[in-house]
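Enquirer: sharing a sequence plus its predicted fold:
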Amino acid sequence: MMKEFKEFAMRGNVVDMAVGIVIGGAFGKIVSSFVGDVLMPPIGMLLGGMDFKKLALELQPAVMEGGEVVTPAVMLNYGTFVSTVIDFIIIAFAIFMVVKAMNSMKKKEEEAPAAPPEPSNEEKLLAEIRDALKK
């Protein structure tokens, strides 16, 4: 069982997939930071100083007793959702562009004519015999 697992784990496509997942996770963090720290503040400023992380709808107020919160408020944090949707759109667009570039490269490879394969030894010998018979 360990031998089979080792063979599975050492296949090229499994290792490539693992590398892709790690890089994808890092890319997701970069995009999240870009959206939250670079893109959303100017958009919020254009919309009158709005902070998207603080946009929420209070569904049920907090229950207080003696100055302490007994039950926290139930909030619908739609500002965080908007930021996450923008993250998704940017990541989806980036992946779309990568896939589109890969497809165009594959298409160019397919369009390029492949060199004819070199004849086998048997075909060379038959060609020599044919040429000798013609003479």
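Expert: Sure, I can see it. Note that the structure is predicted; figures quoted are calculated from it, not measured.

Enquirer: packing partners for the top helix by length along the chain?
Expert: Using DSSP state H, we find that the single longest helix of the chain is helix 78-111. Under the contact definition 3 or more CB pairs under 8 Å, 6 or more residues apart in numbering; DSSP states H and E, helix 78-111 sits against helix 12-33. Where you see a C-beta, it was placed from the backbone N, CA and C, and this is true even at glycine.

Enquirer: can you list the buried residues in the helix it packs on?
Expert: By 16 or more other CB atoms under 10 Å, the buried positions in helix 12-33 come out as 31-32.

Enquirer: name the surrounding residues that touch the helix or strand following that helix.
Expert: Reading on from helix 12-33 to the C-terminus, the next helix or strand found by DSSP states H and E is helix 40-46. Helix 40-46 is contacted by residues 50-53, 83, 86 when judged by CB atoms under 8 Å, 6 or more residues apart in numbering.

Enquirer: could you look up the next helix or strand downstream of helix 40-46?
Expert: Downstream of helix 40-46 (by DSSP H and E), the next one is strand 57-60.

Enquirer: that next one - what's its average pLDDT?
Expert: The pLDDT scores in strand 57-60 average 90.

Enquirer: the helix or strand that it is followed by pairs with which strands?
Expert: Using DSSP H and E, the helix or strand that follows strand 57-60 in sequence is strand 63-65. Within its sheet, strand 63-65 is paired with strand 68-71 (antiparallel), according to DSSP bridges.

Enquirer: residues making contact with the strand it pairs with?
Expert: Applying CB under 8 Å, 6+ apart, the set of residues contacting strand 68-71 is 62-64.

Enquirer: mind putting these in TSV, neighbour count and distance to residue 95 included?
Expert: Formatted as TSV, the contacts of strand 68-71 follow (neighbours: other CB atoms under 10 Å; distance: CB to CB, whole Å):
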residue	neighbour count	distance to residue 95
62	12	41
63	11	45
64	10	47
